[in-house]
Every structure is written in structure tokens, then in C-alpha cells.
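1. model this:
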Amino acid sequence: MYQFLVSFTVQPEHRDDFVEAARRTARDSLTHESGSHRFEVIADERDPDVYYLNEVYADVAAFEAHATGPYFGAFFAEAGAYAEGPTWLMRGTLVGDATS
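-> Model (predicted):
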């Protein structure tokens, strides 16, 4: 599994817009991209203008397919007007399984 976590800083008056766009992207990606396994929208507990996207894909190729697909592009076309980011916090491959 390939996972990454990114952050965005959103203009206060556009918080709801950002969450709506991110959740729509999550729903569409999980529904229509077979390599998408998880897509979470997380609000920072200290700064109401900061949001995180935690995404898990089958592998790097699945992420690259997502990054060149229509939902990714549509999200950035919308959110780019009022959100700064993404700032990459973590990218990597899952090592092992906690149950084994």
C-alpha cells in the first residue's frame, strides 16, 4: 500500500467549500478508481484553517493514476483559488501488517 498525508491552509471564509470539494473528491476517487483504498479529510485540532488529506492507494501506480485523473484536477481547479498547498507531510509504503 502507498500512503501519503498532505496539508492545506484554507482561507477562513472558504472552509466549508474546501471540505465539500475534498469530500466530493474522496467519494469520487473511492467509487471510480480501483486503486484508491482510503481518502480521509481531517480538520486540524489547533488551527481551524488547516486541513489534512490522508490517502491510501494500492501502489504508486494507483496514486499516479489518481493524480492524472479527472477528480484530482477538478479538486485543484476549485480549491486552488482559496487554499494554499498541498504541503507534503509524509509519503511512503506500508511496511508489514500489524496483525502478522
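2. Only C-alpha atoms from now on, for both contacts and neighbour counts.
-> Noted.
3. remind me which residues of the protein are low pLDDT?
-> 97-100 (pLDDT under 70).
4. State the helix or strand in which the spatially most central residue of it lies.
-> Closest to where the C-alpha atoms of the chain average out (C-alpha atoms, centre = their mean) is L53, at 3.6 Å. For L53, the element it lies in under DSSP states H and E is strand 50-57.
5. which of the residues in the helix or strand just after that strand are buried?
-> Next in sequence after strand 50-57, counting helices and strands by DSSP H and E, comes helix 60-67. Neighbour counts over helix 60-67 (16 or more other C-alpha atoms under 10 Å) mark 60, 62-63, 65-66 as buried.
6. re earlier: is the residue nearest to the centre of the chain bridged to anything, and to what?
-> V6, V41 (DSSP bridges).
7. Could you quantify the relative orientation of the longest helix belonging to the chain and helix 60-67 as an angle?
-> Secondary structure of the chain per DSSP state H: the longest helix is helix 15-32. Taking axes from the mean of the first three to the mean of the last three C-alpha atoms, to 10 degrees, one finds helix 15-32 and helix 60-67 inclined to each other by 130 degrees.
8. For stretch 74-90, output the C-alpha coordinates as PDB.
-> What follows is stretch 74-90, C-alpha atoms only, in PDB (Å, rounded to 0.1, in the frame of the first residue of the first chain):
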ATOM      1  CA  ALA A  74     -11.200  19.200 -10.600                       C
ATOM      2  CA  PHE A  75     -10.300  19.500  -6.900                       C
ATOM      3  CA  PHE A  76      -7.300  21.600  -7.600                       C
ATOM      4  CA  ALA A  77      -9.100  23.800 -10.100                       C
ATOM      5  CA  GLU A  78     -11.600  24.600  -7.400                       C
ATOM      6  CA  ALA A  79      -9.600  24.600  -4.200                       C
ATOM      7  CA  GLY A  80      -6.600  26.300  -5.700                       C
ATOM      8  CA  ALA A  81      -8.500  29.600  -5.600                       C
ATOM      9  CA  TYR A  82      -8.700  29.600  -1.800                       C
ATOM     10  CA  ALA A  83      -6.300  27.000  -0.300                       C
ATOM     11  CA  GLU A  84      -2.600  27.000   0.000                       C
ATOM     12  CA  GLY A  85      -1.000  23.700  -0.500                       C
ATOM     13  CA  PRO A  86      -0.500  20.800  -0.600                       C
ATOM     14  CA  THR A  87       2.400  20.700   1.700                       C
ATOM     15  CA  TRP A  88       3.700  17.100   1.700                       C
ATOM     16  CA  LEU A  89       4.000  15.800   5.200                       C
ATOM     17  CA  MET A  90       4.500  12.100   4.500                       C
END
